[in-house]
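Chemist: I'd like to go over a predicted model; first the sequence, then the structure.
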Protein chains: 2
Amino acid sequence: MITGNTALIAHIGFPTHSFKAPMIYNPWFEKAGIDTVVVPMGCRTEHFPALLKSVFSLTNIAGALITMPHKVTAAGLLDEVSPTARIAGACNAVRRAADGRLVGDMFDGEGFVRGILRKGCKLKDARALVVGAGGVGSAIAASLAAAGVGAIGLFDLNAQSADTLAGRLRMHYPALEATTGSKDPAGCDLVVNCTPLGMNEGDPLPVDVSRIAPATFVGEVVMKKETTAFLAAAIARGCRVQVGTDMLFEQIPAYLEFFGLPVATPELLRSLARIRY
Amino acid sequence: MITGNTALIAHIGFPTHSFKAPMIYNPWFEKAGIDTVVVPMGCRTEHFPALLKSVFSLTNIAGALITMPHKVTAAGLLDEVSPTARIAGACNAVRRAADGRLVGDMFDGEGFVRGILRKGCKLKDARALVVGAGGVGSAIAASLAAAGVGAIGLFDLNAQSADTLAGRLRMHYPALEATTGSKDPAGCDLVVNCTPLGMNEGDPLPVDVSRIAPATFVGEVVMKKETTAFLAAAIARGCRVQVGTDMLFEQIPAYLEFFGLPVATPELLRSLARIRY
């Protein structure tokens, strides 16, 4: 029950209709007796900088979840941004530090990495292929680098996106081998689809699955259906896989830690969520 | 359940701990399937103008409830303010009109008046005594004037407050007889305590109750206890009375109308409220 003592997590984006966070966080807060509530705030681009500032002037603000179209803007408005968020060039979580500074981080990639690690995927010195170098691809590449992969191949139809991301990765992780221009999965330990391919029926597969070895771990960010055509093809080749929604539920504990709130397991969060995938 | 489609009513003030609105409005919204939620926003004085502007830039804002210490400031920040709010010099409800303008109103007095009218108190051409010319006293005086009383006596320990209020009343209601300087209830059809007297055990009574006639209607704004010492003394004299919380629950339907939301009766709102008085 919301009272005058309830803290807010502002979920800021536009449009808001597809927001999922309220239905994932709030059931956990209720269950655990955490007097905090995630509230949607629909905000257009031109109003975002002022809104972010006002939201963090509130005496009962616990943090903010930032989503489309503000993730990139947010990263430029904060006092401190994590290396992962700097590499991704985007930020989807903001809190006020004890000293008053606004700090930001980006947990899309962290969620992906936590999920595959728990499924037994080894990342230390691994060779990864990240197809799609947009927001989520950048975040996953940054988190893979932080997790210690040895090489990342980056591919995007917009070659400049991939090259820019590769440059940022090399700057922060000089020992990392970051290459661009190929989406051949042969020889990779991990292949991740970070493109929207799979959102629509009849989309082509993001890579040539016939060149993925059975020992390769295959990940997906598309959440439209549990097992996308890409994952189905990978499973048919004997690969272990991670579905898109795993990334979602695996990242929630990272946000809860970031906001200084009690943490639940991804399994519990998924079972409590008032939305099904 | 809060989703990405939920509209917000921002309840803005500081401190927030004694806020009651979330526990009164939200149970009604849940019961009636109104996808709107009242959320507390703790806001210090220096941040209020920017916050109000940002809140009304949100695409899912349904309105704002403004409370201490921002009611007076709010009245000066809006495009249009009702006569009642202008006389009270304060505003506790804001919405965006269809044409984009921010409009404000003040329903403390409206709640009081609705309650006494429903209890059979006749206000047309009545003589009223309002003791206490602060925020709530000003609001009640303005609403009494709007309801057609013939004369209002205003008394405040700060004589200037009463004089200023009387001037505003005369400006908006030239036919109204507005006098100041006396708190003698003799000859009045209605006497209202709008001072904090009664908040603390042992407070003196706001007026000399021995001079209140049994036919006089007596109202109270103090909500600390259901029947204050002042009301008990009036009842002992045979007067009909209205308790402080009646003003509270009677004004909620007025806010709901103002925000364009489905309206409940004060009785239903009181029965659903997750707080007891």
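Modeler: Right, received. Where do you want to start?
Chemist: List the residues that contact the residue in the stretch 151-277 of chain A that chain B sits nearest to.
Modeler: Closest approach between the stretch 151-277 of chain A and chain B, counting by C-beta to the nearest C-beta: A:Arg274, at 5.8 Å. (C-beta placed from N, C-alpha, C; glycine too.) Contacts for A:Arg274 (C-beta atoms under 8 Å, 6 or more residues apart in numbering or on different chains) come out as A:23, A:26-27, B:1.
Chemist: residues near A:Val221, how many?
Modeler: For A:Val221, the count of nearby residues is 27 (other C-beta atoms under 10 Å in any protein chain shown).
Chemist: Quick one, grab the pLDDT at it.
Modeler: For A:Val221, the pLDDT comes out at 95.
Chemist: OK, contacts around it?
Modeler: Under the criterion of C-beta under 8 Å, 6+ apart, the neighbours of A:Val221 are A:112, A:132, A:136-137, A:140, A:192-194, A:244, A:247.
Chemist: again, only using 10 Å
Modeler: Applying C-beta atoms under 10 Å, 6 or more residues apart in numbering or on different chains, we find A:Val221 in contact with A:108, A:111-112, A:132, A:134-137, A:139-140, A:192-196, A:198, A:228, A:242-245, A:247-248.
Chemist: Could you do A:Glu220 as well?
Modeler: Residues in contact with A:Glu220 (C-beta under 10 Å, 6+ apart) are A:112, A:191-194, A:197-198, A:206, A:226-228, A:230-231, A:234, A:241-247.
Chemist: Ok, A:Glu226 next?
Modeler: Taking C-beta under 10 Å, 6+ apart, one finds A:220, A:243-246, A:277 in contact with A:Glu226.
Chemist: What of A:Ile12?
Modeler: A:Ile12 neighbours (C-beta under 10 Å, 6+ apart): A:19, A:39-43, A:47-48, A:51-52, A:55, A:64-67, A:70, A:74, A:92, A:94, B:58.
Chemist: Likewise for A:Ser161?
Modeler: A:132-134, A:137-138, A:154-155, A:180.
Chemist: biggest separation within those residues, which pair?
Modeler: A:Gly134 and A:Thr180 (14.2 Å; C-beta to C-beta).
Chemist: Of the two, which one has the most company?
Modeler: Higher neighbour count among A:Gly134 and A:Thr180: A:Thr180, with 20 against 17, using other C-beta under 10 Å.
Chemist: partner residues bridging that one?
Modeler: A:Leu154 (DSSP bridges).
Chemist: Was I right to think it contacts A:Leu154?
Modeler: Yes: the pair A:Thr180 / A:Leu154 is scored as a contact, 4.9 Å apart, by C-beta atoms under 10 Å.
Chemist: got any residues that touch both of those two?
Modeler: A:133, A:161-166.
Chemist: Filter the residues you listed down to the buried ones and hand me the ChimeraX line.
Modeler: To isolate the buried members of the shared contacts of A:Thr180 and A:Leu154 in ChimeraX, using 16 or more other C-beta atoms under 10 Å in any protein chain shown:
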select /A:133,161,162,164,165,166
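Chemist: Nearest to B:Lys124 among the shared contacts of A:Thr180 and A:Leu154?
Modeler: A:Ser161 (73.2 Å).
Chemist: Quick one, grab the pLDDT at that closest one.
Modeler: The model's pLDDT for A:Ser161 equals 95.
Chemist: and if you look at A:Arg276?
Modeler: pLDDT, read off for A:Arg276, is 65.
Chemist: Show me which helix runs longest in chain A.
Modeler: Ranked by residue count under DSSP state H, the longest helix found in chain A is helix A:244-259.
Chemist: mind checking how far that helix is from the chain centre?
Modeler: Computed by C-alpha atoms, centre = their mean, to the nearest Å, the separation of helix A:244-259 from the middle of its chain amounts to 8 Å.
Chemist: same thing with stretch A:159-169?
Modeler: Distance, centroid of stretch A:159-169 to centroid of chain: 18 Å (C-alpha atoms, centre = their mean).
Chemist: again with stretch A:33-52
Modeler: On C-alpha atoms, centre = their mean, the centre of stretch A:33-52 falls 19 Å from that of its chain.
Chemist: wait, does stretch A:91-105 contact chain B?
Modeler: No: applying C-beta under 10 Å from any C-beta of the partner chain, one finds stretch A:91-105 separated from chain B by no less than 13.3 Å.
Chemist: Could you work out the end-to-end span of that stretch for me?
Modeler: 5 Å (C-alpha to C-alpha, to the nearest Å).
Chemist: Now it: buried residues?
Modeler: Neighbour counts over stretch A:91-105 (16+ other C-beta under 10 Å) mark A:91-96, A:102-105 as buried.
Chemist: Domain parsing of chain A, as residue ranges.
Modeler: For chain A, automatic domain parsing gives the domain ranges A:7-106+A:247-272, A:109-242.
Chemist: can you put these in JSON lines and add distance to B:Val149?
Modeler: What follows is the domains of chain A, written out as JSON lines (distance: least, C-beta to C-beta, whole Å):
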{"stretch": "domain A:7-106+A:247-272", "distance to B:Val149": "40"}
{"stretch": "domain A:109-242", "distance to B:Val149": "63"}
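Chemist: closest one to B:Lys31 among those domains?
Modeler: Among the domains of chain A, domain A:7-106+A:247-272 comes nearest to B:Lys31, with 18.0 Å by C-beta to C-beta.
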